[in-house]
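J.: Below is the structure, and that's it, no one-letter string:
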């Protein structure tokens, strides 16, 4: 009986994993085909599969390979990276409301981008490099402040991340205050956008993010044990502090690579892991890969909405993800309050 129940649970998880993969593939095809110029999905699929007899004219070919596909691939990698980072942060903090931005990388990257604009050197040193460096700097400060005698307490890590995030947010606000005519460049970056993505940037993010996502898959079982509590994890042979440091570094690199190129896209790392968790449960061995595909699909579809709602103009993708993410976040808060209230009444 127990074996049958276990098989049903595993089958449900595999089914949802398959659904996530199919949704991801469909979102890519739809994202490439829909826009100011509509291209039939069948022709898009044939072209992506390398069918030279697809009958596409030169305009369609340019639109697919030069304009839309780099942007779609960037959106998919960023969505997958933020979702995986969100899974790992929520596992480490044992809190489904934790976000990968809680460690301060987003605010550090925003300050780096604003500083690059103010100093007028983004034509020499690209904004993403400044954003990436300051994202890692913010994590370094958080880590140094939180570490205690070789340990990395969760409470100290959380509080240090909040403090560092507030510091860099204040510095970014000051940069915006003195920006003058450059303010629009800073604001545009802070809203998150995928405009003008080229293959060069796609390659850089792919080299930075895809191996990190692959490495993250190996920490699923350790995260499952760590979610049982620090003492329990240690009794089961998990080196909690070592694993926690590695996971924090993985999260930092994933977030830093993505944020430096597309800006601080909000709520993906918070909402997507929790949505997937509601369906397949908290087992990180399945949760991490499913969230990667689901997160990639989500951001591709969010980018599609940002391109078509007020075309030919575009809405920054950060606005779209927030419009979808905020209601779900409020739902999570309400649900969490009800659970706590019910537990209190039971006591």
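T.: Ah, there it is. The model shown is predicted, which means the values in this text are computed figures rather than measured ones. Numbers count the residues shown, from 1 in each chain.

J.: So residue 321 versus residue 313, what's the distance?
T.: To residue 313, residue 321 is 18 Å away according to CB to CB, to the nearest Å. All C-beta atoms are positioned from the backbone trio N, CA, C, and that covers glycine.

J.: Neighbour count: those two, which is higher?
T.: Between residue 321 and residue 313, counted using other CB atoms under 10 Å, the more crowded position is residue 321 (26 against 8).

J.: show me where pLDDT drops low in the stretch 1-150 of the chain?
T.: Applying pLDDT under 70 to the stretch 1-150 of the chain picks out residues 1, 51-57, 122-123.

J.: what's stretch 297-310 in contact with?
T.: With contact meaning CB atoms under 8 Å, 6 or more residues apart in numbering, stretch 297-310 is reached by 20, 23-24, 26-28, 30-31, 34-35, 71-72, 75-76, 78-79, 82-83, 194, 265, 268, 272, 314-317, 319-321, 324.

J.: Relative to the whole chain's centre, how far out is that stretch?
T.: From the chain centre to the centre of stretch 297-310 is a distance of 16 Å (CA atoms, centre = their mean, to the nearest Å).

J.: Tell me which residues of that stretch come out buried.
T.: The neighbour-count criterion (16 or more other CB atoms under 10 Å) identifies 297-304, 306-307 as the buried residues of stretch 297-310.

J.: what's the answer for stretch 63-72, then?
T.: Across stretch 63-72, burial judged by 16+ other CB under 10 Å covers 63-64, 67-72.

J.: out of the residues you listed, who's nearest residue 222?
T.: residue 72 (32.8 Å; CB to CB).

J.: and that closest one, what helix or strand is that in?
T.: Here residue 72 sits within helix 69-93, counting by DSSP states H and E.

J.: so how far is that helix off the chain centroid?
T.: 3 Å.

J.: And for stretch 225-235?
T.: 26 Å.

J.: gap between the two ends of it?
T.: Across its full length, stretch 225-235 reaches 10 Å end to end, with CA to CA, to the nearest Å as the criterion.

J.: Put together JSON lines for the buried residues of stretch 63-72, with distance to residue 205 on each row.
T.: Below are these laid out as JSON lines (distance: CB to CB, whole Å):
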{"residue": "63", "distance to residue 205": "21"}
{"residue": "64", "distance to residue 205": "19"}
{"residue": "67", "distance to residue 205": "17"}
{"residue": "68", "distance to residue 205": "16"}
{"residue": "69", "distance to residue 205": "14"}
{"residue": "70", "distance to residue 205": "10"}
{"residue": "71", "distance to residue 205": "12"}
{"residue": "72", "distance to residue 205": "13"}
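
J.: So for residue 23, what's the nearest residue that isn't a sequence neighbour?
T.: Spatial nearest neighbour of residue 23, excluding adjacent residues (CB to CB, 6 or more residues apart in numbering): residue 297 at 4.7 Å.

J.: actually residue 167, sorry about that
T.: residue 107 (7.7 Å).

J.: any idea how far the one you found is from residue 95?
T.: Distance from residue 107 to residue 95, by CB to CB: 20 Å.

J.: out of the two, which sits in the busier spot?
T.: residue 107 (25 against 15).

J.: check contacts around that one.
T.: Residue 107 touches 101, 138, 164-169, 172, counting by CB under 8 Å, 6+ apart.

J.: let's see 10 Å
T.: Residues in contact with residue 107 (CB atoms under 10 Å, 6 or more residues apart in numbering) are 101, 134-135, 138, 161, 164-172, 259, 264.

J.: Which two of the residues you listed have the greatest separation?
T.: Maximum distance among the contacts of residue 107 (CB to CB): 18.3 Å, for 170 and 259.

J.: who's more crowded, these two?
T.: Neighbours per residue, other CB under 10 Å: of residue 170 and residue 259, the larger number sits with residue 259, 29 against 12.

J.: OK, contacts around that one?
T.: 78, 81-82, 100-101, 105-110, 112-113, 128, 131-132, 135, 192, 265.

J.: That one is in what secondary structure piece?
T.: helix 240-262.

J.: buried stuff in that helix?
T.: 240, 243-248, 250-262.

J.: Strands of the protein, start to end?
T.: Counting by DSSP state E, no segments of the chain form strands.

J.: residue closest to the middle of it?
T.: Closest residue to the average C-alpha location of the chain: residue 82 at 1.4 Å, with CA atoms, centre = their mean.

J.: so it makes contact with residue 258?
T.: Yes: Residue 82 lies in contact with residue 258 (CB atoms under 10 Å); the separation is 6.1 Å.

J.: Common neighbours of these two, please.
T.: 100, 209, 264-265, 268-269, 299.

J.: Nearest to residue 3 among those?
T.: For those, the nearest to residue 3 is residue 269 (35.6 Å; CB to CB).

J.: how far away is the nearest residue to that closest one once chain neighbours are set aside from residue 313?
T.: Leaving aside its chain neighbours, residue 269 sits nearest to residue 86 (3.1 Å; criterion: CB to CB, 6+ apart). Per CB to CB, residue 86 is found 30 Å from residue 313.

J.: Next: residue 154.
T.: Taking CB to CB, one finds residue 154 at 44 Å from residue 313.

J.: try residue 8
T.: In this view, residue 8 and residue 313 are 49 Å apart by CB to CB.

J.: cool, and residue 301?
T.: 19 Å.
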